[in-house]
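Undergrad: Build the 3D model from these lines:
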Amino acid sequence: MSNSVIAVSGLRKAYKDKVVLDGIDLDVPAGTVFSLLGPNGAGKTTTVNVLTTLIKADGGTARVAGHDVAAEGALVRSVIGVTGQFAAVDDLLTGQENLELMADLHHLRAAEARQVVASLLARFDLAESAQQLASTYSGGMRRKLDLAMTLVSKPQIIFLDEPTTGLDPRSRRTMWGIVRELVAGGVTVFLTTQYLEEADQLADRIAVLDQGRLVAEGTPDELKRLVPGSHVRLRFADVAALDAAARVLAGSARDDQDLTLRVPSDGTSRSLRVLLNRLDEHMINADEVAVNTPDLDDVFLALTGHASTEAVAQ
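TA: As a prediction, this is how the structure comes out:
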């Protein structure tokens, strides 16, 4: 793609006899969220480590913002920011001091550093706690501070390696809002996560990695369509209505206890309209109508053969 900011071809990495990345290809357009999903040990963090120049690949090519990660590491590092699942803040410094330290490391002039630090403290709702030691921060506050520190250098591309692991639902959604703001401002986000809802909410495109190989890639909706099982669930007031609907809707599955019919469907508004029109033609009323489509948990299970870490934990 002409606007690709991350381009990976045939990337390979092994540790002794264990192949971690087995020839993967990726293409990430600018100004989007690209999410890499996979179970523990699938190779997600290894991919991030290669793309951020922390480790070298054994084969293949990778370019970030047009720079070869193997030959032009310094240029790659100058345009990226990295936030991992463990916040890399200094507990002995205050929130403000952590940001000031990053500003010093990036050689910002004093006036610019003050402006950037103040802006980030306000943006991440950390101004009131700026003078408190980072050791007193909650998990969500630490993760926000870590991301704020990443933004001091105004990177074009941000790698978020499982950034919300261990956060409560409220803090996780706060981080989602911040990610959306970054992308709206033109930043590209490369996200690895075990939380399928997170990828579904944020990602423009998703790649599923399993045992070092990409097993699928597409938009969230495209991936969901890979898995059969979309259906319309109809609930009726009594057995007579259920019987009548079952005669009209051949191929449906009935549940007499719940007074429901499960009707196969592609999940589109057109198919739903056709279904309801058929009921109307026979003067049959459904008390409840629900469209059910496979979610990313179903996709994950179908593609990798096991449930996601998130699903197992529930």
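
Undergrad: Identify each of the helices in the stretch 201-314 of the chain and give its residue range.
TA: Taking DSSP state H, counting those that start in this stretch as the criterion, the stretch 201-314 of the chain carries its helices at 220-224, 239-248, 269-281, 296-304, 309-313.

Undergrad: do the same with the stretch 1-150 of the chain
TA: Using DSSP H, counting those that start in this stretch, helices in the stretch 1-150 of the chain cover 44-51, 73-79, 95-105, 110-123, 139-151.

Undergrad: between the fourth one and helix 139-151, what angle do the directions make?
TA: Put plainly, it is helix 110-123. Angle of helix 110-123 versus helix 139-151, following axes from the mean of the first three to the mean of the last three C-alpha atoms, to 10 degrees, is 150 degrees.

Undergrad: Any chance you could list what contacts helix 110-123?
TA: 95-96, 99-100, 103-104, 108, 126-127, 130, 148, 151-152 (C-beta atoms under 8 Å, 6 or more residues apart in numbering). In short, each C-beta sits where N, CA and C put it, glycine included.

Undergrad: Quick check on Asp168: phi, psi?
TA: phi -70, psi 160 (degrees, to the nearest 10).

Undergrad: Measure how buried the residue nearest to it when sequence neighbours are not counted is and give me the count.
TA: With sequence-adjacent residues excluded and distances taken as C-beta to C-beta, 6 or more residues apart in numbering, Asp168 is closest to Gly140, at 7.0 Å. Other residues within reach of Gly140, judged by other C-beta atoms under 10 Å, total 18.

Undergrad: correct me, but Gly140 touches Ser171?
TA: Yes - taking C-beta atoms under 8 Å as the definition, Gly140 is a contact partner of Ser171 at 3.0 Å.

Undergrad: quick one: low-confidence ranges for the protein?
TA: In the predicted model, the chain carries pLDDT under 70 at residues 1-2, 85-87, 305-314.

Undergrad: For Phe190, which three-state class applies?
TA: Taking DSSP: H, G, I helix; E, B strand; the rest coil as the rule, one finds Phe190 in the strand state.

Undergrad: give the contact list for it.
TA: 6, 28, 34, 36, 48, 51, 157-160.

Undergrad: Among those, which lie within strands?
TA: 6, 28, 34, 36, 157-160 (DSSP state E).

Undergrad: quick check, nearest of these to Asp258?
TA: Leu36 (39.1 Å; C-beta to C-beta).

Undergrad: which of the residues in stretch 220-230 are buried?
TA: 220, 223-225, 227, 230 (16 or more other C-beta atoms under 10 Å).

Undergrad: Also stretch 195-215?
TA: 195-210, 212, 214-215.

Undergrad: Could you list which of those belong to strands?
TA: 205-210, 214-215.

Undergrad: Next, give me the two most distant ones among the residues you listed.
TA: Arg205 and Asp210 (17.0 Å).

Undergrad: So which residue is smack in the middle of the protein?
TA: Ala199 (2.6 Å; C-alpha atoms, centre = their mean).

Undergrad: Quick one: residues contacting the nearest residue to it once chain neighbours are set aside.
TA: Excluding the flanking residues, the one nearest Ala199 by C-beta to C-beta, 6+ apart is Ser35, at 4.1 Å. By C-beta under 8 Å, 6+ apart, the residues touching Ser35 are 191-193, 198-199, 202-203, 205-207.

Undergrad: Could you measure from the residue of the chain positioned farthest from its centre over to Asn285?
TA: Here the chain reaches farthest from its C-alpha mean at Ala240, the gap being 45.9 Å by C-alpha atoms, centre = their mean. Ala240 sits 11 Å away from Asn285, going by C-beta to C-beta, to the nearest Å.

Undergrad: The longest helix along the chain: which residues count as buried?
TA: In the chain, assigned by DSSP state H, the helix with the most residues is helix 169-184. Across helix 169-184, burial judged by 16+ other C-beta under 10 Å covers 171-172, 174-176, 178-179, 182-183.

Undergrad: Over to stretch 31-45?
TA: 31-39, 42-45.

Undergrad: got the contact list for stretch 83-97?
TA: For stretch 83-97, using C-beta under 8 Å, 6+ apart, the contacting residues are 98, 101, 117, 121, 126, 129-135, 137, 139, 141-143, 145-147, 149-150, 158-163, 165-166.

Undergrad: Buried subset of those as a ChimeraX selection?
TA: Remark: buried members of those, expressed as a ChimeraX selection using 16+ other C-beta under 10 Å:
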select :98,117,121,126,129,130,134,137,141,142,143,145,146,147,149,150,158,159,160,161,162,163,165
